[in-house]
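Enquirer: Model the following, please.
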Amino acid sequence: MSRVPDGPSGLPRRILLARSNNRRTYNQDEVAQIAARYGFEAVYPETMDFATQVALFRGAEAIIGPSGAAFANMLFCAESARALTWLDQECAGFCAYSSLAHAVGVDLSYLYVTSN
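Expert: Numbers count the residues shown, from 1 in each chain. Now for the predicted structure:
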């Protein structure tokens with residue numbers, strides 16, 4: 001028996017965490033095009049119900065995206081999952097999700113960027 005409800009099948013295993021609003025000021029569309037060449041699919045967790053988010057992260061082998069609340073879903077990842085998030089250099093001390101990743105065995109790396 002599963003601890004959490006199963007979501008729909010056919011979810012991507014390589015995911016790019018995207019936002020459907022203007023809260024992120026980076027070139028999301030260009031990043032999504034490049035990521036797609038490597039098998040990543042842009043997903044919008046804020047538009048999904050809880051069961052679907054759980055299933056998405058449970059089945060993910062790789063997760064990329066800007067640092068943000070969606071990374072809290074790493075709680076549901078398998079230990080073999082890998083994640084890469086980018087964070088503005090000014091916020092380099094805010095590696096909030098590294099402890100969470102460590103607790104569940106996700107290999108999380110940070111890429112520090114400089115915004116305009």
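Enquirer: show me where the protein has helices.
Expert: Counting by DSSP state H, the chain has helices at residues 28-36, 50-59, 96-104.
Enquirer: Now find how far off-centre stretch 97-115 is within its chain.
Expert: On the basis of C-alpha atoms, centre = their mean, to the nearest Å, stretch 97-115 sits 10 Å off its chain's mean C-alpha point.
Enquirer: Now do the same for the closest residue to residue 12 other than its chain neighbours: its pLDDT.
Expert: Computed as C-beta to C-beta, 6 or more residues apart in numbering, the closest residue to residue 12 that is not its neighbour in sequence is residue 41, at 3.9 Å. In short, each C-beta sits where N, CA and C put it, glycine included. Listed pLDDT for residue 41 reads 95.
Enquirer: Would you mind confirming that residue 41 is in contact with residue 16?
Expert: Yes - in this structure, residue 41 is within contact of residue 16 by C-beta atoms under 8 Å, at 6.7 Å.
Enquirer: related to what we said a few turns ago, among the helices of the chain, which is the most enclosed?
Expert: Mean neighbour counts were compared across the helices of the chain using mean count of other C-beta atoms under 10 Å; the top stretch is helix 50-59, at a mean of 19.
Enquirer: Over it, what's the mean pLDDT, rounded is fine.
Expert: 94.
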